[in-house]
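Participant: I would like to see how this sequence folds:
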Amino acid sequence: MIIRPHYLNMLKTYRDIPLVKILAGIRRCGKSTILEMLKNDLIENGIAPDHIISMRFTSEELDKIINDKDMYQSIKNSMHDDGRYYLLLDEVQEINGWEKAVNSLLENYNTDIYVTGSNSRLMSGEISTYLTGRYISIPVFTLSFAEYLEFKKSDPRSRRELLSDYLRLGGFPIVALGNFDEQSAYQIVEGIYNSVINSDITKRHNITNFDLFNRVVKYIIENVGKTFSANSITKFLKNEGRSLSVETVYNYLTWLEKAFVIYRCQRYDLQGKSILKTQEKFYLADSSLKYCIIGFNPQSVASMLENIVYFELLRRGYDVYIGKNGTKEIDFAAVKRDDRIYVQVCRSLPTGSDREISNLLDIKDHYPKYVVTLDEFASGNINGVRLVHLADFLLDPSY
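Facilitator: Okay, the predicted model is just below:
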């Protein structure tokens, strides 16, 4: 097992704190493995194995546990004394009312509880009042480039070659662990995608026009990193001779977001210091999701660089926005408490007059400003704007 220390350290921070720790992210991003890492760490730190209760609630493994009462009783029956028990509960969204069971176990027993899930029932907006103020949400993403290199530690290829693979094949752990060609890797990712769509969206929300839903998804994928609205999707479909209401498109976007397939990036007015509700951008949970659906084209890499930088900023704990500065736009304004950085992303090294530089220079504050690029000669700065190669930015958390 390859350790992902970012998540293990975060869970250690909250260990024995009376909060339910919720790890949520797209299917197959590594949540179950993180729970296994946690279990091993607990044992290494002297916790008796019989005081660690691991349960997995996937539909394939459910037998007699079909609701919250069964879940509660099963876990209760596994606790035999007054000592502290560590509950590691995987894919709890399969159990209706799981929050009730977890809340009762938290209130009535000496427990430290960790749960994982892959759809909206694990998002704060849909967690019922049973857990209000009694949980901490920890987003889990596919592999960062640093984690990807750890997975590929025995691979003799250069960092540049491995970055090319990471851009092309994505960061799902199951892909990174193997040595797959492009076609095989995308077949695996397509299987993950289909599982998400079938289990977390179409069945749950009773989508009947699957062809139209897929066309909306394809539009989103083709426009990753571009601003668009539900209304613009409706107009696009109308031009294709298809009819779909704006409300339905909003629903599709929301359901994809709640299944962690896409992530919404709002625009932030740097002058008015307010979040804008129009012309948002959406990014894919992993770049391979784009390629498994519409195929890989080397020219499409440029549009996915933003996607990769966006998730790196999220992993580092930033709230990430599109920056609007008057009529100019900054790819990312990333905020963390009192800190802020601005990031422009481009494939080739810009000159001092290019949009990437000039838009940053137009921001009149002293927070760090970066241009992240694939250009091998990216280094130094232009009037205080630092030029950074993508690999350096992804591997150095000081940026």
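Participant: so Phe145 touches Ser164, yeah?
Facilitator: No - using C-beta atoms under 8 Å, Phe145 is not in contact with Ser164, being 11.3 Å away. The C-beta positions use only the backbone N, C-alpha and C, and glycine is treated the same way.
Participant: which one of these two has more residues nearby?
Facilitator: Each of Phe145 and Ser164 has its neighbours counted (other C-beta atoms under 10 Å); Phe145 has more, 20 against 15.
Participant: So the more buried one versus Leu163, what's the distance?
Facilitator: 7 Å (C-beta to C-beta, to the nearest Å).
Participant: Need the overlap of contacts for the two.
Facilitator: Taking C-beta atoms under 8 Å, 6 or more residues apart in numbering as the criterion, Phe145 and Leu163 both touch Ala391.
Participant: Secondary structure element for the closest residue to Ile330 other than its chain neighbours, which one?
Facilitator: Distances taken as C-beta to C-beta, 6 or more residues apart in numbering place Gly323 nearest to Ile330, at 3.2 Å, with adjacent residues excluded. Using DSSP states H and E, Gly323 sits within strand 319-325.
Participant: Pull up the pairing partners for the next helix-or-strand element following that strand, direction included.
Facilitator: Going down the chain from strand 319-325, the next helix or strand is strand 328-336, by DSSP H and E. Here strand 328-336 is paired, per DSSP bridges, with strand 319-325 (antiparallel), strand 339-346 (antiparallel).
Participant: How far does strand 328-336 sit from its chain's centre?
Facilitator: 19 Å (C-alpha atoms, centre = their mean, to the nearest Å).
Participant: how about TSV for the strands paired with strand 328-336, with mean neighbour count, mean pLDDT and distance to Asn231 added?
Facilitator: Shown next, in TSV, are those (neighbours: other C-beta atoms under 10 Å; pLDDT from 0 to 100; distance: least, C-beta to C-beta, whole Å):
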stretch	mean neighbour count	mean pLDDT	distance to Asn231
strand 319-325	20	93	18
strand 339-346	21	94	27
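Participant: To Tyr310, which of these lies closest?
Facilitator: The closest of the strands paired with strand 328-336 to Tyr310 is strand 319-325. By C-beta to C-beta, the value is 6.0 Å.
Participant: what ranges do the strands span in the stretch 51-200 of the chain?
Facilitator: Under the criterion DSSP state E, counting those that start in this stretch, the stretch 51-200 of the chain contains strands at 52-56, 85-90, 111-117, 135-139.
Participant: Same list, these, but as CSV with distance to Arg28 please.
Facilitator: Formatted as CSV, those follow (distance: least, C-beta to C-beta, whole Å):
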stretch, distance to Arg28
strand 52-56, 14
strand 85-90, 13
strand 111-117, 12
strand 135-139, 15
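Participant: What about the spatially closest residue to Pro49 that is not a sequence neighbour, how many residues nearby?
Facilitator: Among residues not flanking Pro49 along the chain, Ile43 sits closest, at 5.9 Å (C-beta to C-beta, 6+ apart). Residues lying near Ile43 (other C-beta under 10 Å) number 14.
Participant: Remind me which helix or strand Ile43 belongs to.
Facilitator: helix 31-44.
Participant: packing partners for that helix?
Facilitator: The helices and strands touching helix 31-44, judged by 3 or more C-beta pairs under 8 Å, 6 or more residues apart in numbering; DSSP states H and E, are helix 5-13, strand 20-24, strand 52-56, strand 85-90, strand 111-117.
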